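**Q** Sequence and predicted structure below; questions after.
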Amino acid sequence: MNALIGFILIFVIAIHGTLIFYTLWKQLPNRWALTTAIGLSMLTVASYFLGDSPRQIILIGLIITTVAVSGAIAINEMSSPRNLTIWGGFSTLWIIAVMLALLTNDNATIGKPDWLLNLFQNRDPSAYVMLAGVILAWLGLIGVGLYTFYKAHLPEIANRNLYWVINMNIMMLGAIITASGRDISGSLGGIIMVIALMGLVYAKSTHSIFDIRLSILIALRYLVFLAVTAVLVFGVLYIAIRNNITNDAEGLIFISLLSLGTVLTFIPIRQLTDFIFDSIAARTDINSGHITREYSKLISEVVELEALIPSVIGTLNRLLKVKSTALILLNNTSDEGISLLVMAPGTEIDQKNGHISVNSPLYFTLAKERKPLTQFDIEYATQYKDISITERNFFRELNMSAYAPITLDYTLIGILAVGQKLNDMAFYQRDLDLLTTLAQQTGIALRNARLVEDLQHLNKNMQSLNRKQKQANEQLSQLDAIKTDFVTIASHELRTPLAQIRGYTDIMDAMNESGMLDQDQTVTLIGNLRKATERMEELIAAMLDVSQLDVDAMDLRFTQSSVESVLRMAIEPLADAIKQRRLTLSARGLRGLPAIQADQQRLVQAMRNVIVNAIKFTPDGGKIEISASLQESQQEDKPDHILIEIKDTGVGIDRANLEMIFKKFFRAYDPSLHSTGTYKFLGAGPGLGLTIARGVIEGHGGKIWAESPGHSMESFPGSTFYILLPVSTPEDARRILSFEGTASTDAISNDTFMKRPSDKQRTPTKPLEPKVEA
């Protein structure tokens, strides 16, 4: 061994020692495996200071173990633990096979000088085993690296895997040269191996390595440029030599023309070369200024938030040449962290929710430092290794590549996320800087859109308030008219029986004075007086019932009853009026219904009020149909209901008054035009019957409402009243609630129980004159 080779080997060993010191000092990931690989490589180089005989086994053993440990580090970085186990098993078998071949063959040439050159001449089994192991190891490492490169979900991961492939190729090349056995090859192989180990240390010291593909393209570009330049220079020199150019005017002119032709040839060749490499790289230079101006112009034209988000996504996809874009907006903030809502219309991640803790490094980077980051940073950077699984999975499931904070007044309001580039290149720092600028412009656009949205919302609220105020004014006017009508109705209703009492009293007095009052006349007059007082008593009782509803003072006493009996008791007192008006009243479906819990007296009163209402607003000769059916509950915690329908062929109800008819003292027409008879067409009444009916029915836990096509005194469209009663009365229905409030807050839904029987289920209608036929 000459002095130069010895110096080179010592220098290489020193570099190994430096790498070991750096690895332990920086506490790099997998530092013990990395230190082992460096140490084994250092011993491999140091073995060349031994004699030829003792270093044979030591050299080969150290080379194999160095490759095994280095390969394990690479596979652990690139692939799954399963592949690492396979690699460990293969490496162990390789070492054992080579060692056995060396120990069992006294004439083994492996490790001796020029053994590789004489591999097929010596026919050494140990050499074949060694070579086979090298080939299999090489193919295995390259195969795993290329597969993981192809399957990588991020360009940075693919770039890192490609780096490992190149590094392990360098390591395998250095191992083969070192194993050749010659001193000169040992020094050269040691240099190559230490370069590979420096690559290992570099990869472990940073999660973001330089772009391999871009570096290769740049290197190829310059190599091609250098080759083209060399060819042109060679051509010029060759032409000059062949033509024996003289140092005179003619020669100078020839050289000038030759130089001009060379330059004119070089320029298009250089442009063609650049075009080819740009096409291969599938990328063009990004003009940040142009993108910023165009993006600002486009999003400034959109002022509505719903239109802004699709515009931002589409514009960024086009300008940045990325596969996807999303806006992640702050949905809520608290002392514990921030809630995120993903806005990406038309994608699977749209409306996805996430959360970032205030103690998370992600929050510190985005909200405090207001810096961009990549998905590769989140998965591999040391500073993010302790983030929660929830946060890591949230960002991983977005399938995005880079994130930039959207801030206003130094406050985080959202995150701008972009997916992979169309050319699958990584995001460089200039790309992240541009993304940060676009995120700030997006924040301004979001603020403007929210201001416009708030203004539109305010305008809608003002319009709504104006409508409500108009409706309130109309209701006040209507209530004022109702008050006036009530005074008119009450005075009329009270004056009529009072006039009767006064008249019959005067008649009795006059007849008594003249001695003309006999027993029959007395009975007739007293009967008329009794009717008048009963009329007054009914009016006063109705007013008292309504007052009890207003103060929640009406007690209901529930006993078991049936719908059939309630309707019979409600209809029987009306039989004479029905006959006088020549009305046809029929009923169906009343028999076979389950018993109900009800205050029979009050429920009869409510049913009678509804039927009386149908009688008064149905012209003579009209029809009134009553039907009932069981509505089974669709919810286990809700009772079954009985639906009662009271349908008439009367004047109908205006759609605007379908709810107003249940208000106190409401009359749908001029009360001064009504008939004086209680049961006559458009007969008299204080306007309290339906109010009391609703209060009683809702006190039973039920519901009453009316439906009608409209109001007409010519076509008589009719109306239908629906009464929904629970079979088992809920506990909270023991005391009646105010009819004003329960109408809007009743928990019973029409859709839940309203299943009207089909025509096939309806029994034939039979006239009720005057009895109810079920």
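**A** All right, it came through fine.
**Q** Spit out the contact partners of Val610.
**A** Val610 is in contact with Ile646, Gly689, Leu690, Ala693, Ile704, Phe721, Ile723, counting by CB atoms under 8 Å, 6 or more residues apart in numbering. Where C-beta positions appear, they are placed from N, C-alpha and C, glycine not excepted.
**Q** 10 Å instead, please
**A** Residues near Val610 by CB atoms under 10 Å, 6 or more residues apart in numbering: 570, 626, 644, 646, 689-690, 693-694, 697, 704, 706, 721, 723.
**Q** Would you write out the PyMOL command that picks the buried residues out of these?
**A** Buried residues within these, by 16 or more other CB atoms under 10 Å, are selected in PyMOL with:
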select buried, resi 570+626+644+646+689+690+693+694+697+704+706+721+723
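**Q** On the three-state scheme, Leu28 is what?
**A** Secondary structure, DSSP: H, G, I helix; E, B strand; the rest coil: Leu28 is coil.
**Q** I'd guessed it sits against Phe21; true?
**A** No. Leu28 is beyond contact range of Phe21, at 11.6 Å (criterion: CB atoms under 10 Å).
**Q** Need the overlap of contacts for the two.
**A** In contact with both Leu28 and Phe21: Thr35, using CB under 10 Å, 6+ apart.
**Q** more crowded one of those two?
**A** Using other CB atoms under 10 Å as the criterion, Leu28 and Phe21 rank with Leu28 on top: 18 against 12.
**Q** and that one, what does it touch?
**A** Tyr22, Leu34, Thr35, Leu200, Val201, Ala203, Lys204, Ser205, Thr206.
**Q** Please confirm that the fourth one is located within a helix.
**A** Yes. Leu200 forms part of a helix when assessed by three-state DSSP.
**Q** how close does it get to Thr273?
**A** Distance, Leu200 to Thr273, using CB to CB, to the nearest Å: 35 Å.
**Q** Give me the pLDDT value at Thr35.
**A** Thr35 is assigned a pLDDT of 92 by the prediction.
**Q** Which other helices and strands does the helix or strand hosting it contact?
**A** Per DSSP states H and E, Thr35 falls inside helix 31-46. Here helix 31-46 touches helix 3-26, helix 52-78, helix 155-178, helix 183-205, going by 3 or more CB pairs under 10 Å, 6 or more residues apart in numbering; DSSP states H and E.
**Q** what about dumping the CA coordinates of that helix to PDB?
**A** Included here for helix 31-46 are C-alpha records, laid out as PDB according to Å, rounded to 0.1, in the frame of the first residue of the first chain:
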ATOM      1  CA  ARG A  31     -29.300   7.300  15.300                       C
ATOM      2  CA  TRP A  32     -28.200   3.900  16.700                       C
ATOM      3  CA  ALA A  33     -28.800   2.100  13.500                       C
ATOM      4  CA  LEU A  34     -27.300   5.000  11.600                       C
ATOM      5  CA  THR A  35     -24.200   4.900  13.800                       C
ATOM      6  CA  THR A  36     -23.900   1.200  13.400                       C
ATOM      7  CA  ALA A  37     -24.000   1.500   9.600                       C
ATOM      8  CA  ILE A  38     -21.300   4.200   9.700                       C
ATOM      9  CA  GLY A  39     -19.200   2.200  12.100                       C
ATOM     10  CA  LEU A  40     -19.300  -0.900  10.000                       C
ATOM     11  CA  SER A  41     -18.400   1.100   6.900                       C
ATOM     12  CA  MET A  42     -15.500   2.600   8.800                       C
ATOM     13  CA  LEU A  43     -14.300  -0.800   9.900                       C
ATOM     14  CA  THR A  44     -14.600  -2.000   6.300                       C
ATOM     15  CA  VAL A  45     -12.300   0.700   5.100                       C
ATOM     16  CA  ALA A  46      -9.900   0.100   8.000                       C
END
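**Q** Now do the buried residues in that helix.
**A** Using 16+ other CB under 10 Å as the test for burial, helix 31-46 gives 31, 33-46.
**Q** Relative to the whole chain's centre, how far out is stretch 12-19?
**A** Averaging C-alpha positions (CA atoms, centre = their mean, to the nearest Å) puts stretch 12-19 55 Å from its chain's average.
**Q** what's the average pLDDT for that stretch?
**A** Here stretch 12-19 scores 92 as its mean pLDDT.
**Q** Next, the buried residues of that stretch.
**A** For stretch 12-19, the neighbour count (16+ other CB under 10 Å) marks Val12, Ile13, Ile15, His16, Leu19 as buried.
**Q** Nearest residue to the fourth one in space, please, no chain neighbours.
**A** Spatial nearest neighbour of His16, chain neighbours left out: Met42 (3.6 Å); criterion: CB to CB, 6 or more residues apart in numbering.
**Q** wouldn't the one you found be in contact with Val194 here?
**A** Yes. With contact defined as CB under 10 Å, Met42 reaches Val194; the gap is 8.6 Å.
**Q** Quickly list what's touching both of those two.
**A** Shared contacts of Met42 and Val194 (CB under 10 Å, 6+ apart): Val12, Ile13, Ala14, Ile15, His16, Leu19.
**Q** What values do phi and psi take at the spatially most central residue of the chain?
**A** Centroid-nearest residue in the chain: Gln351, 2.1 Å away (criterion: CA atoms, centre = their mean). Phi and psi for Gln351, reported as degrees, to the nearest 10, are phi 70, psi 20.
**Q** I'd like the distance between it and Leu329.
**A** Look at Gln351 and Leu329: by CB to CB, they are 11 Å apart.
**Q** Can you name the residues that contact Asn2?
**A** By CB under 10 Å, 6+ apart, the contact set of Asn2 is Asp183, Ile184.
**Q** Go again with 8 Å.
**A** By CB under 8 Å, 6+ apart, the contact set of Asn2 is Asp183.
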